[in-house]
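Asks: need the 3D shape of this:
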Amino acid sequence: MSDSTTGNQPATRKIKVWDAPVRLFHWALVLLIGLSYATGEFGGLDFTNPLTGNMVGNMDLHMWSGMTILALVLFRVTWGFLGSDTAKFSDFVRGPGAIFSYLGGMFKKGTKFIAGHNPAGGIVVVLILIMLLMQAATGLFSKEDDFFGNAGPLNSLVSEETAKILTRRHHQIWGYMELVILLHLAANVFYWLVLKQDLIVAMFTGKKALPAAAEIPQITFASKAKAAVLMVIAAAVVWGITQLGA
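Replies: Residues are numbered from 1 along each chain as shown. You can find the predicted model right below:
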């Protein structure tokens, strides 16, 4: 635990609030969403696999990125029930009353320290997870005739007309996701510049600055072994799903 000091009194104390699985999930998701966007919007990322000599197409990357995102989201959902205290949905999913109360008291002195996601941020987390699930699910059935000429692994299970509808939904959901991601980024900048809370660094280090006078919260962290097992199960589930269209 590290302290920053004002005179002889510590102003803040750094305490661990985020476990490694949550942090790895977050930053892996950032990279994969960026890859999915680049391969879906621009293309040109084809390369030759140095191990096999086979060409890996742009849409192959897009598909693998999407399936990995799906596995990560399935893991995060299970971790939201079986993981560390601050990762659990029960810790940060609140009703409208709690959300408006939090937003109304953001600038008040003596506001209670929140170790994990605050009520407003928790809703955004749930919304992003739902949208990612919908995005990945529609992508499994979609077919990009106009741009790439590739189909998702479950495309053969639906009619051509259904595939076209799901492909349109795949694009539409991404449009909404862009807005939510921008809102998420804007909120992080606001917390950094206005409220002086660096949530981005906290997601790297796992530690938040606790006001010196505040009571240290008791946080129970789940084991990394449990996280690894759940991630393997999530990956196996996604692999099994993709085999349905084989």
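Asks: show me the contacts for residue 54.
Replies: residue 48 (C-beta atoms under 8 Å, 6 or more residues apart in numbering). Backbone N, C-alpha and C define where each C-beta goes, glycine included.
Asks: where does it fall, phi/psi-wise?
Replies: phi -80, psi 150 (degrees, to the nearest 10).
Asks: kindly report the same for residue 42.
Replies: phi -120, psi -40.
Asks: from residue 58, how far off is it?
Replies: Separation of residue 42 from residue 58 (C-beta to C-beta, to the nearest Å): 9 Å.
Asks: and those two? Which one has more around it.
Replies: Higher neighbour count among residue 42 and residue 58: residue 58, with 19 against 9, using other C-beta atoms under 10 Å.
Asks: dump the residue contacts of that one.
Replies: 39, 43, 44, 45, 46, 148.
Asks: name the nearest residue to it, ignoring sequence neighbours.
Replies: With sequence-adjacent residues excluded and distances taken as C-beta to C-beta, 6 or more residues apart in numbering, residue 58 is closest to residue 43, at 4.5 Å.
Asks: how near is the one you found to residue 70?
Replies: Residue 43 is 22 Å from residue 70, by C-beta to C-beta.
Asks: among the two, which residue is more densely surrounded?
Replies: For residue 43 versus residue 70, neighbours defined as other C-beta under 10 Å are more numerous around residue 70 (23 against 15).
Asks: would the more buried one count as being in a helix?
Replies: Yes - counting by DSSP: H, G, I helix; E, B strand; the rest coil, residue 70 is found in a helix.
Asks: just checking, it touches residue 136?
Replies: Yes - using C-beta atoms under 8 Å, residue 70 makes contact with residue 136 at a distance of 3.9 Å.
Asks: which stretches of the chain form strands?
Replies: 3-6, 9-16, 47-48, 55-56, 143-144, 150-151, 207-211 (DSSP state E).
Asks: same for the fifth one, what does it pack against?
Replies: Spelled out, it's strand 143-144. strand 150-151, helix 160-193 (3 or more C-beta pairs under 8 Å, 6 or more residues apart in numbering; DSSP states H and E).
Asks: mind putting those into JSON lines with distance to residue 108 and mean pLDDT?
Replies: As requested, those are exported to JSON lines (distance: least, C-beta to C-beta, whole Å; pLDDT from 0 to 100):
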{"stretch": "strand 150-151", "distance to residue 108": "53", "mean pLDDT": "80"}
{"stretch": "helix 160-193", "distance to residue 108": "15", "mean pLDDT": "93"}
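Asks: now, of the ones you listed, which is deepest in the fold?
Replies: Most buried of the helices and strands packed on strand 143-144, by mean neighbour count (mean count of other C-beta atoms under 10 Å): strand 150-151, with a mean of 18.
Asks: got the phi and psi for the residue nearest to residue 58?
Replies: Torsion angles, degrees, to the nearest 10, at residue 43: phi 80, psi -160.
Asks: distance of it relative to residue 37?
Replies: Taken as C-beta to C-beta, the span from residue 43 to residue 37 is 12 Å.
Asks: same check, this time on residue 144
Replies: Residue 144 is 14 Å from residue 37, by C-beta to C-beta.
Asks: hmm, back to that, quick check: the residue nearest to residue 58 vs residue 177, distance?
Replies: Taken as C-beta to C-beta, the span from residue 43 to residue 177 is 20 Å.
Asks: cool, residue 68 as well?
Replies: Distance, residue 68 to residue 177, using C-beta to C-beta: 16 Å.
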